[in-house]
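Engineer: give me a 3D structure for the following:
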Amino acid sequence: MKFNQVAIESIAYALPEEVWTSADVEAKLADVYKRLKLPEGRLELMTGIRERRFWPKGTFPSQASAQAGEAVLAQSSFDRSEIDLLIHSAVCRDRLEPATAAYVHGLLGLPGKTQIFDVSNACLGFLNAMVVAGSMIESGQIERALICSGENGRPLVENTIQQLHDPGLTRKTIKPYFANLTIGAGAVAAVLCRKDLAPASSMQLRAAAVETDTAANELCQGDSSGDALEMLTDSEELLVAGINVAKRNWARFTEVTGWTPGSPDRVITHQVGKAHTRELFGALGLDLAKDFTTFETLGNVGSVSCPITLAYAIEAGAYKAGERAALLGIGSGLSSIMMALEWPDL
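Structural biologist: Modelled structure (predicted):
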């Protein structure tokens, strides 16, 4: 997929104030660690995640999504009355029906002309939404789109901690729950538009490539469990399958963009942890010095992770005008989207 008319006019985020360190999580599991003789500090040691954040209890995904939406509209040169499309793209939703986008639309006070819907594809939802909105802009159907995502891992993590206190669990049978403890919360939003409507200095979406392997769709599965959430992950097999999907998609990506591993000045990935990052960069022949990460302080924030890391990189001056960036997304199921961004230096 190639794009010639799509600009990322603005991007912003919102974060909850409550911080849980990995030591805090392990303290809530002290009896479990003692019974199973697990070493303290293993959560941070294995993942590189020092802390994650959570919204207050009772916060709806739409509220988090709308916070990021307000933040990006405050940055944008467009008035909210000009937004043609709103997509809520998180794993988390308020309920099955109506679309969570309906609540976000109301909270943001968007006009009646704004088309709304949800896009859900595990941790890949935001990038999927960028492809959908970008394609609609490219085709001339719309001029401006607002993409929002609000994730809240608190119910999952709290339920996981409760489940891990089951005395019947062993060192082997707790493994599928381990990835849950890396999950955090946050929100991100971006305004995409036809590039002639944005400042000439705006980032541009230039290309995207997709690879899917549904033979791996049982490696990470989450669902409701009464009033709680539950997720089971085969982390080792998921890492292997994910790297293989990424390698095949990188071949597609380089074909459509003409890029080599040396082409991007900055690489932004889905934020799983240090092992995933190391394996991915090695498999694709990318320079780890070009990586920019947020998992250390945000954990894995689902669909928010890749775009919020892009926003952080811009704030830090790690991605700037005159540079290219590669967004490397992955979502359970299993699917990968890779995107090429170019930022003109005028």
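Engineer: wait, Asp345 touches Gly322, no?
Structural biologist: Yes: when contacts are counted by C-beta atoms under 8 Å, Asp345 is listed as touching Gly322 (3.1 Å). To be clear about C-beta, it is placed using only N, CA and C from the backbone, and glycine gets the same treatment.
Engineer: where does the prediction get shaky in the stretch 1-150 of the chain?
Structural biologist: Across the stretch 1-150 of the chain, nothing is flagged by pLDDT under 70.
Engineer: okay, helices next: where are they in it?
Structural biologist: 22-27, 30-36, 42-47, 61-75, 100-108, 125-138 (DSSP state H, counting those that start in this stretch).
Engineer: so which of those comes closest to Thr114?
Structural biologist: helix 100-108 (6.4 Å; C-beta to C-beta).
Engineer: hang on, the earlier thing: take the helices of the stretch 1-150 of the chain and write them to a markdown table, including distance to Gln5 and mean neighbour count.
Structural biologist: Listed next are the helices of the stretch 1-150 of the chain as a markdown table, based on distance: least, C-beta to C-beta, whole Å; neighbours: other C-beta atoms under 10 Å:
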| stretch | distance to Gln5 | mean neighbour count |
| --- | --- | --- |
| helix 22-27 | 44 | 16 |
| helix 30-36 | 54 | 13 |
| helix 42-47 | 40 | 17 |
| helix 61-75 | 20 | 23 |
| helix 100-108 | 24 | 22 |
| helix 125-138 | 5 | 24 |
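Engineer: between these, which one is closest to Ile8.
Structural biologist: Nearest of the helices of the stretch 1-150 of the chain (C-beta to C-beta): helix 125-138, 8.2 Å.
Engineer: tell me the helices and strands packed up against the closest one.
Structural biologist: Judged by 3 or more C-beta pairs under 8 Å, 6 or more residues apart in numbering; DSSP states H and E, the packing partners of helix 125-138 are strand 2-14, strand 85-88, strand 144-152, strand 185-194, strand 203-212, helix 305-315, strand 324-331, strand 335-342.
Engineer: using PDB, write out every CA atom in the second one.
Structural biologist: This file holds the C-alpha atoms of strand 85-88, laid out as PDB (Å, rounded to 0.1, in the frame of the first residue of the first chain):
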ATOM      1  CA  LEU A  85     -14.300  10.400  10.700                       C
ATOM      2  CA  LEU A  86     -13.700   9.200  14.200                       C
ATOM      3  CA  ILE A  87     -12.200   5.700  14.900                       C
ATOM      4  CA  HIS A  88     -11.900   4.200  18.400                       C
END
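Engineer: possible to save the helices of the stretch 1-150 of the chain as JSON lines with distance to Ser81?
Structural biologist: JSON lines is the format used below for the helices of the stretch 1-150 of the chain (distance: least, C-beta to C-beta, whole Å):
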{"stretch": "helix 22-27", "distance to Ser81": "44"}
{"stretch": "helix 30-36", "distance to Ser81": "53"}
{"stretch": "helix 42-47", "distance to Ser81": "43"}
{"stretch": "helix 61-75", "distance to Ser81": "11"}
{"stretch": "helix 100-108", "distance to Ser81": "11"}
{"stretch": "helix 125-138", "distance to Ser81": "18"}
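Engineer: could you verify my assumption that Asn128 touches Val119?
Structural biologist: Yes: counting by C-beta under 8 Å, Val119 is a contact partner of Asn128 at 5.2 Å.
Engineer: find residues that contact each of those two.
Structural biologist: By C-beta atoms under 8 Å, 6 or more residues apart in numbering, Asn128 and Val119 have these common neighbours: Ser89.
Engineer: for Pro167, helix, strand, or coil?
Structural biologist: Assigned with DSSP: H, G, I helix; E, B strand; the rest coil, Pro167 falls in the coil class.
Engineer: ok, now how distant is the residue nearest to it when sequence neighbours are not counted from Thr170?
Structural biologist: What sits nearest to Pro167 in space, not counting adjacent residues and going by C-beta to C-beta, 6 or more residues apart in numbering, is Arg35, at 7.4 Å. Noted for Arg35: a distance of 10 Å to Thr170, by C-beta to C-beta, to the nearest Å.
Engineer: re the thing from before, deepest of the helices and strands packed on helix 125-138, which one?
Structural biologist: Of all the helices and strands packed on helix 125-138, strand 144-152 carries the top mean neighbour count, a mean of 30, counting by mean count of other C-beta atoms under 10 Å.
Engineer: chain center to the helix or strand just after that strand: distance?
Structural biologist: The helix or strand immediately downstream of strand 144-152 is helix 154-164, counting by DSSP states H and E. Its chain's C-alpha centre and that of helix 154-164 lie 21 Å apart, by C-alpha atoms, centre = their mean, to the nearest Å.
Engineer: what packs against helix 154-164?
Structural biologist: With 3+ C-beta pairs under 8 Å, 6+ apart as the test, helix 154-164 has helix 175-178, strand 228-233 packed against it.
Engineer: which helix in the protein has the most residues?
Structural biologist: helix 235-257 (DSSP state H).
Engineer: residues in contact with that helix?
Structural biologist: Against helix 235-257 from outside (C-beta under 8 Å, 6+ apart): 1-2, 175, 178-179, 206-213, 216, 219-220, 259-260, 263, 275-276, 279-280, 283-284, 326, 328, 330, 332, 334-338, 340.
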